[in-house]
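J.: Only the shape, not the letters, is given here:
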């Protein structure tokens with residue numbers, strides 16, 4: 001009988017020892033969930049305070065190990081959204097640098113806690129923010145800083161033509177014309193890919209204009225090899241402009257590269273774009289004449305019998321080639 005009473009007493013003490021931690025855990029889980037609920041209900045109104053509650057809930061639930069798993073998962077699901085909400089509030093307050101920092105936290109936590117929706121939103125917004133920061137630094141003549149922001153935008157969204165064009169323009173301001181052309185070409189390629197006609201036109205027009213200007217100066221200085229290089233690069237921006245092919249033909253003619261003259265005049269005639277075709281045919285006639293293709297030369301000179309080229313073409317036909 002005494003043994004039985006002692007056994008009952010021992011079992012009662014053991015049950016208290018087992019029960020006490022359980023009660024403690026229950027209270028702590030409840031605390032974690034209370035912190036979670038406090039944060040969840042004020043994310044939109046007060047994301048700063050919401051984050052305090054959520055990180056407190058996360059801290060408590062992590063200490064609980066298995067027992068806090070549910071609270072932990074619930075809390076992790078909201079933390080990226082709270083950071084994003086705080087970032088957007090900072091943006092509306094025109095605090096761009098703070099906004100970017102908070103957006104980075106939203107991105108980091110979204111990746112850590114597998115929040116695909118928040119990650120998609122962040123990766124849609126962040127390149128635009130970095131591009132805006134780049135534009136701000138560009139307007140302030142801080143061109144290296146602008147380029148660094150533009151590149152951050154591209155790291156997140158590679159098919160974004162705006163920061164590519166920004167880098168090109170910043171390089172131009174620094175008189176880094178090779179860099180300018182490199183990024184104008186990238187802008188054109190990406191803009192065409194995403195069907196951004198305005199950015200494609202901007203990049204094409206600027207790259208083409210610069211190279212035609214450089215080629216024209218080289219041509220006037222009779223540096224025709226240099227002119228050929230510039231005009232050939234201009235075709236990378238617009239290979240449908242007959243004027244570029246004609247200018248190439250003129251410089252190749254001065255260099256006596258007759259086959260290249262034939263090739264480029266034919267391209268020019270396929271894309272005349274308002275060219276004086278008589279001048280093109282005259283260049284073609286001269287090239288065929290020097291290659292010994294007299295029949296083709298006569299045909300070309302006959303097509304040049306208009307305007308200012310008429311007299312010169314008649315002379316070639318009647319006095320030089322004796323065309324039938």
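T.: Everything's here; your move. A quick note: this is a predicted structure, and the numbers were derived from the prediction, not measured. Numbers count the residues shown, from 1 in each chain.
J.: Find the centremost residue of the protein, please.
T.: In the chain, the residue lying closest to the centroid (Cα atoms, centre = their mean) is residue 160, at 3.1 Å.
J.: residues contacting it?
T.: By Cβ atoms under 8 Å, 6 or more residues apart in numbering, residue 160 lies in contact with 127, 131, 153, 154, 190. Every C-beta, even on glycine, is put in place using the N, C-alpha and C of the backbone.
J.: again with residue 125
T.: Contact analysis of residue 125 by Cβ under 8 Å, 6+ apart lists residue 103.
J.: domain ranges for this protein?
T.: 24-114, 128-222, 239-324 (automatic domain parsing).
J.: about what we covered before: max pairwise distance over the contacts of residue 160: which two?
T.: Spatial extent of the contacts of residue 160 (Cβ to Cβ) is set by the pair 131 and 190 at 13.3 Å.
J.: where does residue 200 fall, helix, sheet strand or coil?
T.: Under the three-state scheme (DSSP: H, G, I helix; E, B strand; the rest coil), residue 200 adopts helix.
J.: wait, isn't it in contact with residue 191?
T.: Yes. Residue 200 is within contact range of residue 191, at 3.7 Å (criterion: Cβ atoms under 8 Å).
J.: Quick check: neighbours shared by these two?
T.: Common contacts of residue 200 and residue 191, defined by Cβ under 8 Å, 6+ apart, comprise residue 161.
J.: who's more crowded, those two?
T.: Each of residue 200 and residue 191 has its neighbours counted (other Cβ atoms under 10 Å); residue 191 has more, 24 against 20.
J.: what helix or strand is that one on?
T.: Per DSSP states H and E, residue 191 falls inside helix 177-193.
J.: Residue 158: how many residues sit nearby?
T.: For residue 158, using other Cβ under 10 Å, the count is 11.
J.: What's the separation between it and residue 187?
T.: From residue 158 over to residue 187 the distance is 12 Å, taken as Cβ to Cβ, to the nearest Å.
J.: Then residue 28?
T.: Distance from residue 28 to residue 187, counting by Cβ to Cβ: 56 Å.
J.: that older thread, out of the contacts of residue 160, which are inside helices?
T.: Mapping the contacts of residue 160 onto helices (DSSP state H) picks out 127, 131, 153, 154, 190.
J.: Could you pull up the residues touching the last one?
T.: When you say that, I think you mean residue 190. Neighbouring residues of residue 190 by Cβ under 8 Å, 6+ apart: 158, 159, 160, 161, 164, 196.
J.: Out of those, which comes closest to residue 37?
T.: Nearest to residue 37 among the contacts of residue 190 is residue 160, at 39.5 Å by Cβ to Cβ.
J.: What does residue 174 show for phi and psi?
T.: Dihedral pair for residue 174: phi -90, psi 10, per degrees, to the nearest 10.
J.: excluding its backbone neighbours, what's nearest it?
T.: Counting by Cβ to Cβ, 6 or more residues apart in numbering, residue 143 is the residue found nearest to residue 174 once chain neighbours are left out, at 5.4 Å.
J.: Next, count neighbours for the one you found.
T.: Residues lying near residue 143 (other Cβ under 10 Å) number 20.
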